[in-house]
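Engineer: Task: produce atomic coordinates for the following.
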Amino acid sequence: MGLNLNVKLHSPKNVAVVISDGKKERKEGDAVSLTCASDANPAANAFTWYNNKRDGTVELREEQGRSITVTVGRGRETFSCTARNPLGTGNSTLSELQVLYKAQNVTIEGKDEVKEGAALELECHFSDYNPPTTQYSYSWYLNGNPVTGETGRILQINNITESHSGTYSCNVQNRAGPSYSPGFAVTVMSAQTGEKLPMRIILGGGAGSVLVKLLVLALYLFLRNGTAATQMGEIELEDLYTEPKAESLI
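Structural biologist: Below is the predicted model of the structure:
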């Protein structure tokens, strides 16, 4: 009795772009491995890759293997592939990667001069091209030190004093990483005279330690130089007032 083999040969079908780790949400600059999978008999042995742009254009990629590695850019990246065997060609559907990136053009808006006792309100602005569902967190700094309890997009401090004068900055962070604004200088004005109040300099632990060490070093050098000068003066006085030795008579 002979063995009856019913083998069907066909061109590639069910062609699909497979993401190696299955994650469609990426960070800008990530390297992603893609595979052009298909059901074909004989197996597909030639592949073509396309990068479908948001403006509708299609870019033929240089990589033409079954698997490729791409570095994703900003916004959406959409890929497709074609698989071929001797019996024909099959095309995949589009596979889209959603690319996240850091907040861009972070700035602070608000009044740079506020009267003592009034409320200070600053707002952190940035350009956002990520999906509406992207979550952000905020932190605020005054002269490089964290402003405790302030984690919103708007910084509001009531009944301000001269201690609130200084340079403010905000940090906007999402899963792609942090983005900092340039410094925004705020001056607290006297409620009575309208003149600028003296700005307090608040040093962080590291800066304060360095300042103390510099002061100690300066004091040490001053005392050492003073001691050396005193000793030199004593030597000169001794030379000046030393009595001449009597010469021996022969």
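Engineer: Assign the spatially most central residue of the chain to helix, strand or coil.
Structural biologist: By Cα atoms, centre = their mean, the chain has its centre lying nearest to residue 178, at 4.2 Å. Following DSSP: H, G, I helix; E, B strand; the rest coil, the label given to residue 178 is strand.
Engineer: Go ahead and confirm it touches residue 170.
Structural biologist: No - under the criterion of Cβ atoms under 8 Å, residue 178 makes no contact with residue 170, lying 10.4 Å away. For glycine as for every other residue, the C-beta is placed from the backbone atoms N, C-alpha and C.
Engineer: what residues are up against the residue nearest to the centre of the chain?
Structural biologist: 102, 171-172 (Cβ atoms under 8 Å, 6 or more residues apart in numbering).
Engineer: looking at the residues you listed, which has the most residues close by?
Structural biologist: Highest neighbour count within the contacts of residue 178, by other Cβ atoms under 10 Å: residue 172, with 22 neighbours.
Engineer: Give the full set of residues in contact with residue 34.
Structural biologist: 17-20, 49, 67-70, 79, 81, 95.
Engineer: next SSE after the helix or strand harbouring it?
Structural biologist: Using DSSP states H and E, residue 34 maps to strand 31-41. Per DSSP H and E, the first helix or strand lying C-terminal to strand 31-41 is strand 46-52.
Engineer: Report all helices and strands that the next helix or strand after that next one contacts.
Structural biologist: Going down the chain from strand 46-52, the next helix or strand is strand 58-60, by DSSP H and E. Strand 58-60 sits against strand 46-52, with contacts defined as 3 or more Cβ pairs under 8 Å, 6 or more residues apart in numbering; DSSP states H and E.
Engineer: confidence score at the closest residue to residue 45 other than its chain neighbours?
Structural biologist: Computed as Cβ to Cβ, 6 or more residues apart in numbering, the closest residue to residue 45 that is not its neighbour in sequence is residue 85, at 6.0 Å. For residue 85, the model assigns a pLDDT of 94.
Engineer: Quick check: the gap between residue 85 and residue 40.
Structural biologist: Going from residue 85 to residue 40 by Cβ to Cβ, to the nearest Å gives 5 Å.
Engineer: And those two? Which one has more around it.
Structural biologist: Per other Cβ under 10 Å, whichever of residue 85 and residue 40 has more neighbours is residue 40, with 23 against 19.
Engineer: thinking again about what came up before, how far off centre is the strand holding residue 34?
Structural biologist: Distance, stretch centre to chain centre, for strand 31-41: 34 Å (Cα atoms, centre = their mean, to the nearest Å).
Engineer: Within the sheet, what are the partner strands of it, with directions?
Structural biologist: Strand 31-41 has the following strand partners under DSSP bridges: strand 10-19 (antiparallel), strand 67-71 (antiparallel).
Engineer: Comparing those strands, which yields the minimum mean pLDDT?
Structural biologist: Among the strands paired with strand 31-41, strand 67-71 scores lowest, with a mean of 89.
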